[in-house]
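Just need the structure, nothing else, for what follows:
(2 chains)
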Amino acid sequence: MTVLAEVEAEIAAALKRLQQAGRLPGDLALDAVEVEPTKDPRHGDLATNAAMVLAKPARMKPRDIADALVAELAALPGYVKVEVAGPGFVNISLAPGRWQAVVAEVRAAGATYGASDIGKGERLLVEYVSANPTGPMHVGHGRGAVFGDSLANLLAFAGYAVTREYYVNDAGAQVDVLARSAFLRYREALGENIGEIPAGLYPGDYLKPVGAALAQKFGDALLKQANDESAWLPVVRAQAIEMMLAMIKEDLAALDIRHEVFFSERALTEGGKDEIAETVAELRAKGLVFEGRLERPKGHDADDWEDREQTLFKSTDFGDDVDRALMKSDGGYTYFAGDMAYHHNKLARGFRHLINVFGADHTGYIKRMQAAVRALSDGKADLDIKVCQLVRLLRGGEPVKMSKRAGTFVTLREVVDEVGRDPIRFMMLYRKNDAALDFDLAKVVEKSKDNPVFYVQYAHARALSIFRNAAEAFAGLGRGDSDVTGADTSLLTDDGELDLLRRLALFPRVAEGAARAHEPHRIAFYLSDLASAFHAQWTRGNDSPHLRFIQANDRNLTAARLALVGACAQVIATGLAILGVHAPSEMR
RNA sequence: GACCCCGUAGCUCAGUUGGAUAGAGCAUCUGCCUUCUAAGCAGAGGGUCGCAGGUUCGAAUCCUGCCGGGGUCGCCA
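You can find the predicted model right below:
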């Protein structure tokens, strides 16, 4: 247990003792009591708001509760100074030994330092990317991909059994358009001059390989059926989807992203079953499906709007703005009906924790999806939808034109190839997901403090370089050597060292908070702070040689400092691993 | 018209889910490389947290109403 958790437990125990002694009401709920690191060192190391939040329910003065708590805590070992301040904070200064212990904590836990069990091993499904298999991914997809992947890492770190899933929209009109576009490329591959790609079809060159593959596989057999779309379309479609998906998987792999499950929309209604019909029937049995009319949508030139009675899902019962259509006028199911069936399937597979990562253009879809999950699970499952806002691609401050027509469309793959995986991943996580992001191709490869990727990686590289240098000065002071792992950490008394220790102690709390909030960016910012403290301590050694990590004439002190450096490197590496960014041992 | 996101230093953004005197980076200015990587560090200046109310011991954070920017609305996917 880290210091923070220990102190929390000790304060809870102290409050319980006060209750037992009759100095606090026995039925007082202690949930709201928090322990936080202080911002101002003059307020000590930690502070608790216990007296203030308990004052009202206990019907006592904050000051009286605080005084009682101070007396309890001051008597405990390791509490150097405990005092009441401000409106009723209890400020706590701990003996350095309490902080120094974090080095051993980190060493013992290794890559699991900061991991928690808040997920209790429960299964959780993160659905992300889910880009239509009709072409290459763009940068916006990349943001959702990186975010979803890191969130999955984070939640696994927090004790969930995580499944990463991609919903393949391989049914519906757009994949038919894909098939028609591919068919044209097929004819082209057979030597035909196809001229301009007609409007409404996908013009991209990326379909040429699909055409070539079809030509190789089928010769001119499909061409003979050209007038009978129902004959060739399913074959071409299947080939095109397969190849598009393969391309997408490759692009994702370039970002180190690998989904465990690719769930096919088409599969919902294939093989003699119809999960959409089953889902609708289930909702109908719950009285949530009815025939009715919708109002004409506003803010659009809905010229083709047709007022008619249709089959609706009563999503307004679950917080949605309007009820949602399930059937199209041609008798087919809406996309939403299929998506409900898909989520029904997730629930049937036993998931009770669902997270979907959406692009900004799907914000309007959130309420109905949550309504659907509530209805389908009888409120027993939770669905959190994280929206990644738009990415603006810039180069040196100038927007990069994104036009498919003009051929200046920038694919995700091109960006990965240009700037590399680490800068993309880190930069996309160095921002809250619900804030728009400017991604500057020139800036992300800049090697300066303006670029937090290199800043954090550099700290890790520096830490490891210390060990390389130490090996020259001392034998037996390698990272895992017993003289380092068993070093006397009470020698770590410099303010900068204590600052690092406190930050290391904070990591488990940061990781937990990030996991609970589904906010991986907190890890990125924490790492930036930790790296900053590490760089600062490093540079202090320039002016004050006695603060250098390696002290040629003091083996014990060097061992203690190396243990601290090792702990810093470990936490940086762990944090970067959650973000999916490499922790290099060297940067030159 | 409705819903969602954003609004914090000149710029780009954090702000530990309601805590104490609101923080970083960039940019500007002043310093630090003959020994652990200067891709680094130290310091200075810079603020009506969009506006107005409300909730309470306490609000950048929660509620209401405005203002500004972006996104969305359909039997598309």
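
element containing whichever residue of the stretch 1-150 of chain A sits closest to RNA strand B, please.
Relative to RNA strand B, the nearest point of the stretch 1-150 of chain A is residue A:47 (3.0 Å; C-beta to the nearest atom of the strand). Placement of C-beta: from N, CA and C, glycine included. Take DSSP states H and E as the rule and residue A:47 turns out to sit in strand A:46-48.

tell me which residues in the helix or strand following that strand are buried?
Note on strand A:46-48: by DSSP H and E, the next helix or strand toward the C-terminus is helix A:50-58. Within helix A:50-58, the residues that count as buried by 16 or more other C-beta atoms under 10 Å are A:50-55, A:58.

The helix or strand residue A:466 falls within packs against which elements?
According to DSSP H and E, residue A:466 maps onto helix A:452-473. Packed against helix A:452-473 by the contact rule (3 or more C-beta pairs under 8 Å, 6 or more residues apart in numbering; DSSP states H and E) you find helix A:421-429, helix A:521-543, helix A:555-579.

can you give me the angle that helix makes with helix A:521-543?
40 degrees (axes from the mean of the first three to the mean of the last three C-alpha atoms, to 10 degrees).

which secondary structure elements does the helix or strand that helix A:452-473 is followed by contact?
Next helix or strand after helix A:452-473 toward the C-terminus (DSSP H and E): helix A:482-485. Under the contact criterion of 3+ C-beta pairs under 8 Å, 6+ apart, helix A:482-485 touches helix A:555-579.

The helix it packs on: which residues count as buried?
Applying 16+ other C-beta under 10 Å to helix A:555-579 flags A:555, A:557-579 as buried.

can you give me the mean pLDDT across it?
Across helix A:555-579, the average pLDDT comes to 97.

give the contact list for the residue of the stretch 451-588 of chain A found nearest RNA strand B.
Nearest residue of the stretch 451-588 of chain A to RNA strand B: residue A:541, at 1.8 Å (C-beta to the nearest atom of the strand). Going by C-beta atoms under 8 Å, 6 or more residues apart in numbering, residue A:541 touches A:547-549.

Packing partners of the strand or helix carrying residue A:241?
Assigned by DSSP H and E, residue A:241 belongs to helix A:229-253. Counting contacts by 3+ C-beta pairs under 8 Å, 6+ apart, helix A:229-253 packs against helix A:173-189, helix A:208-218, helix A:412-419.

For the shortest one, give me every contacting residue.
The reference is to helix A:412-419. Counting contacts by C-beta under 8 Å, 6+ apart, the residues touching helix A:412-419 from outside are A:136-139, A:141-142, A:145, A:250-251, A:254-255, A:393, A:424, A:439, A:441, A:444-445.

buried set for it?
Applying a neighbour-count criterion of 16+ other C-beta under 10 Å, one finds A:412-413, A:415-416, A:419 buried in helix A:412-419.

Over to the second one?
Within helix A:208-218, the residues that qualify as buried by neighbour count (16+ other C-beta under 10 Å) are A:210-211, A:213-215, A:218.

circling back: list the buried residues of the next helix or strand after the helix holding residue A:241.
Per DSSP H and E, the first helix or strand lying C-terminal to helix A:229-253 is strand A:261-264. With burial defined by 16+ other C-beta under 10 Å, the residues of strand A:261-264 counted as buried are A:262-264.

Same check on stretch A:359-371?
Neighbour-count burial for stretch A:359-371 [16+ other C-beta under 10 Å]: A:359, A:362, A:365-371.

ok, which residues in the stretch 101-250 of chain A are in contact with RNA strand B?
A:132, A:169, A:171-175 (C-beta under 7 Å from any atom of the strand).

Can you flag the buried ones in those?
Buried among these by 16+ other C-beta under 10 Å: A:132, A:169, A:171-172, A:175.

any residue of stretch A:580-588 up close to RNA strand B?
Yes - judged by C-beta under 7 Å from any atom of the strand, stretch A:580-588 and RNA strand B are in contact via A:586-588.

For the residue most central in space within chain A, which non-adjacent residue is spatially closest?
Compute the mean C-alpha point of chain A, and by C-alpha atoms, centre = their mean the closest residue is residue A:151, 2.3 Å away. Nearest non-adjacent residue to residue A:151, counting by C-beta to C-beta, 6 or more residues apart in numbering: residue A:520, 5.3 Å away.

Wait, the one you found touches residue A:578, no?
Yes - with contacts counted by C-beta atoms under 8 Å, residue A:520 reaches residue A:578, the gap being 6.8 Å.

Quickly list what's touching both of the two.
Joint contacts of residue A:520 and residue A:578 (C-beta under 8 Å, 6+ apart) are A:150, A:153-154.

and the helix holding residue A:241, which residues are buried?
Applying 16+ other C-beta under 10 Å to helix A:229-253 flags A:232-233, A:235-237, A:239-241, A:243-245, A:247-248, A:251-252 as buried.

Let me know the outermost residue of chain A.
Most peripheral residue of chain A (C-alpha atoms, centre = their mean): residue A:224, 49.8 Å.

before we move on, back to that, of the buried residues of stretch A:359-371, which is the nearest to residue A:428?
Residue A:428 lies nearest to residue A:359 out of the buried residues of stretch A:359-371, by C-beta to C-beta, at 13.0 Å.

Can you tell me who the closest one pairs with across the strands?
residue A:388 (DSSP bridges).

Neighbouring strands of the lowest-mean-pLDDT helix or strand in chain A in the sheet, and parallel or not?
Within chain A, no helix or strand scores below strand A:398-399, which has a mean of 80 by mean pLDDT, DSSP states H and E. Looking at strand A:398-399 with DSSP bridges, its partner strands are strand A:391-395 (antiparallel).

Next, the buried residues of the partner strand.
Going by 16+ other C-beta under 10 Å, strand A:391-395 has these buried residues: A:391, A:393-394.
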